[in-house]
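Undergrad: Quick one: sequence and predicted model below, then my questions.
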Amino acid sequence: MKILILGAGSVGSTLAEHFVSESFDITLVDTDPKRLQELADRLDIQTIRGQASHPNVLRRAGADDADMLIAVTDKDEVNMVACQVCYSLFRTPKKLARIRSSSYLDDAGFFNKDHMPIDVLINPEQVVTNQIQQLLEHPGALQVLDFANGRVQLVAVKAYYGGPLIGQEIKTLREHMPDIDTWVAAIFRRGRSIVPESTTIIEADDEVFFIAAAEHINAVTRELRRVERPHKRIIIAGGGHIGERLAKAVEHTYSVKVIEHNAERCELLAESLDNAVVLLGDATDKELLLEENIEHTDVFCALTNDDEVNILSSLLAKRLGVRQVMTLINKPAYVDLVQGGDIDIAISPQLATTSSLLNYVRRADVAQVHSLRRGAAEAMEAIAHGSAKESKVVGRRIADIDLPPGTTIGALVRDDKVLIAQKDIVVETDDHVILFLLDRRRVASIEKLFQVGFSFF
């Protein structure tokens, strides 16, 4: 597949790096020659210098035979015009664009082939907001991912000392919860992945990924770590786009305070928010945090545009007694460095956006794709089609499906029923199959596995 990426910023470069690892043909367009050279030296990609919306630049970049355009420059208007040009002049089949301004997004029906021909809208701020909301709903979770329209969830938790299953084999999970069906997809221990067996012993500090029906997630979480009370009080550091979106989304559910250093921005926030309290101040101000009872706060969300401010304010809040900190990190290289110590959850907009885009570059009928552990692994929801004659999965027991090494099936969703994977379950046509891949290089093999023969068409 030939993919044309416009914009070599943090999102564009992260996408290029991710897609190159899967052997896609990538061309990257940007106006910054130094940035393009750095990426060309490190990645096997073609780079074109120029204005991303100009027809001659797009033609040089190969837009006339590209399978997909991903416009992620830092200007909405450039992304929109580039999609229009690729539609009108080059008939590019699939066009994805990052649009951040709510002024464009609020006008329903604008983005279609008759007006602005963009097939998929990308809004990193909304992706991050949704991610944080999921984490707030599941205290103790490091990552929460939806499959099959929310009927199944994959959750990562860190197993803590004193948890009910610490030092016990995975198979005892069923003994502890006889009425709940769940499956442990993977364990990451001291930075290394483990394919769990029924006899695998869970250790303290293991990062455990498990799948269950959505209504059972919190019950399983409690088995792996100490019981967390529901969140009530939240402080948001930073009243920018993400901070404002999050405050609006949760202010009617939780007690919310927003700390913003810009007085004019504070006034705008106070006008747009209903219940949240807006405070003018510096999130790294110890006295301010103490005045706002940080020690009685459940979650501190550091969401400013400055990584250093986010990290410092999170460390300060944690040491002053807040239960949990979630920290926005724009530089992907920082994520693994800071998460796991005083910072409970590091959130990368670039990695979250990449994960949301993976659905659109898969060759089989893939409903959902999620990047796990900062891109170290992947979870997929693939839909089985055809009959046993046309398909390599339909009509076969899970135990008989030829899965690539390091790949496991965790659950099936059949109509409205969630089936946690057992080796004797037979896959039927239209089943939604949830897979876990410890090695992203196996994605192409999974895509081929779920592709049907020509007799199906």
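TA: Great, that's in hand. Numbering: from 1, shown residues only.

Undergrad: going forward, measure contacts between C-alpha atoms and count neighbours the same way
TA: Fine.

Undergrad: Could you chop the protein up by domain?
TA: Domain assignment for the chain by automatic domain parsing gives 2-122, 128-224, 233-353, 362-456.

Undergrad: would you list those in TSV and tack on mean neighbour count and mean pLDDT?
TA: Formatted as TSV, the domains of the chain follow (neighbours: other C-alpha atoms under 10 Å; pLDDT from 0 to 100):
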stretch	mean neighbour count	mean pLDDT
domain 2-122	18	90
domain 128-224	18	84
domain 233-353	19	91
domain 362-456	19	84
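
Undergrad: Would you map the helices across the stretch 251-400 of the chain?
TA: Using DSSP state H, counting those that start in this stretch, the helices of the stretch 251-400 of the chain run over residues 263-272, 286-291, 307-319, 332-338, 349-357.

Undergrad: Okay, Leu39 and Ile311: tell me how far apart.
TA: Using C-alpha to C-alpha, to the nearest Å, Leu39 is found at 27 Å from Ile311.

Undergrad: Next: Ser10.
TA: Taking C-alpha to C-alpha, one finds Ser10 at 19 Å from Ile311.

Undergrad: Likewise for Ala40?
TA: According to C-alpha to C-alpha, Ala40 stands 31 Å off from Ile311.

Undergrad: my guess is Leu39 meets Ser13, correct?
TA: Yes: applying C-alpha atoms under 8 Å as the test, Leu39 and Ser13 come out as touching, 7.5 Å apart.

Undergrad: Show me the residue at the heart of this structure, geometrically.
TA: Ala352 (3.7 Å; C-alpha atoms, centre = their mean).

Undergrad: show me the contacts for it.
TA: Counting by C-alpha atoms under 8 Å, 6 or more residues apart in numbering, Ala352 touches 124, 127-128, 371.

Undergrad: Go through the residues you listed and flag which are in strands.
TA: Among the contacts of Ala352, the subset assigned to strands under DSSP state E consists of Ser371.

Undergrad: and Leu449, what helix or strand is that in?
TA: Secondary structure assignment for Leu449, by DSSP states H and E: helix 443-450.

Undergrad: From Leu435, how far off is the closest residue to Glu22 other than its chain neighbours?
TA: Using C-alpha to C-alpha, 6 or more residues apart in numbering and skipping residues adjacent in sequence, the residue nearest Glu22 is Arg441, 6.3 Å away. Remark: distance between Arg441 and Leu435 (C-alpha to C-alpha) = 14 Å.

Undergrad: for Asp415, same thing?
TA: From Asp415 to Leu435 the distance is 18 Å (C-alpha to C-alpha).

Undergrad: and the end-to-end length of stretch 179-197?
TA: Taking C-alpha to C-alpha, stretch 179-197 runs 21 Å from one end to the other.

Undergrad: Check stretch 249-257 too.
TA: 13 Å.

Undergrad: Next, Phe188: phi, psi?
TA: The phi/psi pair for Phe188 (degrees, to the nearest 10) reads phi -110, psi 120.

Undergrad: That one is in contact with Glu207, isn't it?
TA: Yes: contact criterion C-alpha under 8 Å: Phe188 and Glu207 qualify, at 5.0 Å.

Undergrad: Quick check: neighbours shared by the two?
TA: By C-alpha under 8 Å, 6+ apart, no residue touches both Phe188 and Glu207.

Undergrad: residues contacting the nearest residue to Gly239 once chain neighbours are set aside?
TA: Distance criterion C-alpha to C-alpha, 6+ apart; nearest residue to Gly239, sequence neighbours excluded, is Glu260 at 5.3 Å. Residues near Glu260 by C-alpha under 8 Å, 6+ apart: 237-239, 266, 278-283.

Undergrad: again, only this time at 6 Å
TA: Glu260 sits next to 238-239, 280-281 when contact means C-alpha atoms under 6 Å, 6 or more residues apart in numbering.

Undergrad: before we move on, the earlier item: next, work out how far apart the residue nearest to Glu22 and Ile187 are.
TA: Noted for Arg441: a distance of 19 Å to Ile187, by C-alpha to C-alpha.

Undergrad: residues contacting the closest residue to Phe147 other than its chain neighbours?
TA: Of all residues not flanking Phe147 in the chain, Gln153 sits nearest, at 5.9 Å (C-alpha to C-alpha, 6+ apart). Residues near Gln153 by C-alpha under 6 Å, 6+ apart: 145-147, 211-212, 214.

Undergrad: right, and Ala71 touches Met80 too?
TA: No: in this structure, Ala71 is not within contact of Met80 by C-alpha atoms under 6 Å, at 8.0 Å.

Undergrad: Overlap of the contact sets of those two?
TA: With C-alpha under 6 Å, 6+ apart, Ala71 and Met80 have no common neighbours.

Undergrad: So in terms of bridging, what pairs with Ala411?
TA: Here Ala411 sits in beta bridges with Ile420, Ile434, as judged by DSSP bridges.

Undergrad: and it, what does it touch?
TA: Counting by C-alpha under 6 Å, 6+ apart, Ala411 has contacts 419-421, 434.

Undergrad: Gln350 now?
TA: Gln350 makes contact with Val11, according to C-alpha under 6 Å, 6+ apart.

Undergrad: What separation do you get for it and Arg396?
TA: Distance, Gln350 to Arg396, by C-alpha to C-alpha: 38 Å.

Undergrad: same thing with Asn293?
TA: Taken as C-alpha to C-alpha, the span from Asn293 to Arg396 is 58 Å.

Undergrad: Outside of stretch 50-61 itself, list whatever touches it.
TA: Counting by C-alpha under 6 Å, 6+ apart, 6, 30-31, 78, 81-82 sit against stretch 50-61.

Undergrad: Over to Ala159: give its phi and psi.
TA: According to degrees, to the nearest 10, Ala159 has phi -80, psi 120.

Undergrad: is it true that it touches Asp206?
TA: Yes: using C-alpha under 6 Å, Ala159 is in contact with Asp206, at 5.3 Å.

Undergrad: And the nearest residue to Val413 once chain neighbours are set aside, how far from Leu372?
TA: Nearest residue to Val413, sequence neighbours excluded (C-alpha to C-alpha, 6+ apart): His432, at 5.0 Å. From His432 across to Leu372, the span is 19 Å (C-alpha to C-alpha).

Undergrad: And Gln131, by the same measure?
TA: 13 Å.

Undergrad: Ile132 is in what secondary structure piece?
TA: Element membership of Ile132, judged by DSSP H and E, is helix 124-137.

Undergrad: distance between that helix and the chain's centre?
TA: Between the centre of helix 124-137 and the centre of its chain there are 9 Å (C-alpha atoms, centre = their mean, to the nearest Å).

Undergrad: Could you list every helix and strand in contact with that helix?
TA: Applying 3 or more C-alpha pairs under 6 Å, 6 or more residues apart in numbering; DSSP states H and E, we find helix 124-137 packed against no helix or strand.

Undergrad: Please list the residues outside it that contact it.
TA: Helix 124-137 is contacted from outside by 242, 246, 353, using C-alpha under 6 Å, 6+ apart.

Undergrad: now it against helix 349-357, angle please.
TA: Going by axes from the mean of the first three to the mean of the last three C-alpha atoms, to 10 degrees, helix 124-137 is angled at 90 degrees with respect to helix 349-357.
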